[in-house]
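> fold the stuff below for me.
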Amino acid sequence: MVKKQLNTGVIGFGLSGKVFHAPFLHTHPGFNLKKIVERNSTESKNIYPELEVVSDYKNLIKDETLDLIAICTPNTLHFSMVKECLLAGKHVVVEKPFTPTSKEADELIKISEEKERKIFVYHNRRWDGDFLSIKKILKDNLLGDLYEYEVHFDRFTPDLDQNWRDKNIPGGGILYDLGAHLIDQALNLFGYPDKLNSNIQAQRANSPVDDYFKIELEYPNLKVVLTAGMMVKDLGPRFILKGSKGTFTKYGIDPQEDALKKGLMPNTQNWGEEKKKDWGIIDIIIEDEQGNYQIETLPGNYMGFYDNVYDVIINNEKIMVKPEEARNVIKIIELAFKKNITKLQL
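This next block holds a predicted model:
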């Protein structure tokens with residue numbers, strides 16, 4: 001039993017609002033999905049007939065019954081909308097990346113502290129099954145001393161899209177889009193790095209924004225490689241970890257996004273479970289003998305993000321994605337765009 005329901009509104013019903021937020025707010029008993037902003041349609045009403053569809057986001061900001069607003073808009077609108085929501089006394093969920101600049105993120109953090117309202121940045125890939133499995137592998141010290149961590153987020157999309165992600169605007173491009181996920185995961189595992197090196201390119205013909213990156217983060221005795229591209233037809237491993245006892249290699253991607261795009265709800269049976277063929281392979285030395293075997297991927301659980309949102313607001317529990325951590329993701333992106341080796345300071 002939940003203590004109370006949080007009345008919630010969602011701004012935007014594109015990929016983010018439709019796939020990554022509304023299904024969880026609808027099925028979680030702690031939230032009452034009350035309103036959704038759609039400027040040009042009422043598509044959400046077909047899925048959630050009980051809610052109210054409005055065309056102006058200010059309707060949500062002025063609604064005194066709403067406790068929480070989820071902002072699922074293009075990156076250029078994050079700063080202004082989060083600010084308006086905080087000043088109106090609302091708690092806020094905002095899609096990653098937090099803001100296009102770390103300066104904007106710092107300002108929002110300050111406002112949230114002054115208004116005693118929470119900002120939750122949706123770094124949902126912390127709840128990917130493969131990432132949860134890697135955290136357990138490292139916690140159990142199965143690989144010994146880790147000296148290399150490499151992760152890919154590759155796709156084959158040779159044609160430019162017409163959406164905002166492929167436009168030369170603040171927060172556009174692959175580094176802000178997919179890179180934010182990989183950077184957040186790395187910082188969550190290893191903290192802020194000592195050095196950074198980057199290679200950022202626009203590989204597709206006439207692309208106005210970056211569509212490839214390779215970032216290297218350096219830590220004492222550890223190299224972290226984060227890379228993604230839109231011109232990778234034959235996908236290789238997603239994760240490659242190398243340690244003093246052996247390696248872990250993982251292909252495939254968490255199944256939750258695909259399930260959500262098919263219209264499944266996160267209370268579906270066996271949610272987030274991965275097929276055995278996609279489980280990772282660990283190759284390690286066990287009692288002086290080589291051992292090679294599959295490790296079952298832990299179920300992914302994006303609902304864990306909203307579990308934490310509820311527990312922070314209602315039960316005053318610790319926030320799992322601190323806004324300062326999300327701000328640090330933006331700092332890394334800003335440094336990466338300098339395209340050189342930089343000594344980082346907190």
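
> strands of the stretch 51-200 of the chain, start to end?
Ranges of strands in the stretch 51-200 of the chain, per DSSP state E, counting those that start in this stretch, are 52-54, 68-71, 91-95, 119-122, 146-152, 195-201.

> tell me which of these sits most buried.
Of all the strands of the stretch 51-200 of the chain, strand 68-71 carries the top mean neighbour count, a mean of 28, counting by mean count of other C-beta atoms under 10 Å. From N, CA and C alone the C-beta is placed, and that goes for glycine too.

> paired strands for that strand, with orientation please.
Looking at strand 68-71 with DSSP bridges, its partner strands are strand 6-11 (parallel), strand 91-95 (parallel).

> pretty sure Thr65 is touching Leu6, no?
No. Thr65 lies out of contact with Leu6 (C-beta atoms under 8 Å); the separation is 10.7 Å.

> out of those two, which sits in the busier spot?
Counted by other C-beta atoms under 10 Å, Thr65 and Leu6 do not tie: Leu6 has more neighbours, with 21 against 9.

> what about the residue lying closest to that one once chain neighbours are set aside, neighbour count?
For Leu6, ignoring the flanking residues on the chain, the nearest one in space by C-beta to C-beta, 6 or more residues apart in numbering is Asp67 at 4.4 Å. Using other C-beta under 10 Å, Asp67 has 20 other residues around it.

> equivalent analysis for Phe337, please.
Residues lying near Phe337 (other C-beta under 10 Å) number 14.

> measure it to Ser198 for me?
Note on Phe337: its distance to Ser198, by C-beta to C-beta, to the nearest Å, is 7 Å.

> point out where the protein drops to low pLDDT.
Low-confidence segments of the chain (pLDDT under 70): 1, 287-289, 339-346.

> all helices of it, in order?
For the chain, the helices defined by DSSP state H cover 15, 22-27, 43-47, 58-62, 78-87, 102-115, 129-139, 174, 180-190, 256-261, 303-315, 323-336.

> quick one, which of these is packed in tightest?
It is helix 174: most buried of the helices of the chain by mean count of other C-beta under 10 Å, with a mean of 26.

> from the middle of its chain, how far away would that one be?
The chain centre lies 13 Å from the centre of helix 174; the measure is C-alpha atoms, centre = their mean, to the nearest Å.

> repeat that for stretch 148-165.
15 Å.

> if we can go back for a sec, is it true that the residue nearest to Leu6 touches Asn7?
Yes. Judged on C-beta under 8 Å, Asp67 makes contact with Asn7 at a distance of 5.2 Å.

> so what's Ala202 up against?
Shown in contact with Ala202 (C-beta atoms under 8 Å, 6 or more residues apart in numbering): 208-212.

> how about the residues you listed in TSV, adding neighbour count and distance to Gly173?
Converted to TSV, the contacts of Ala202 look like this (neighbours: other C-beta atoms under 10 Å; distance: C-beta to C-beta, whole Å):
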residue	neighbour count	distance to Gly173
Pro208	14	9
Val209	20	4
Asp210	23	4
Asp211	26	7
Tyr212	21	10
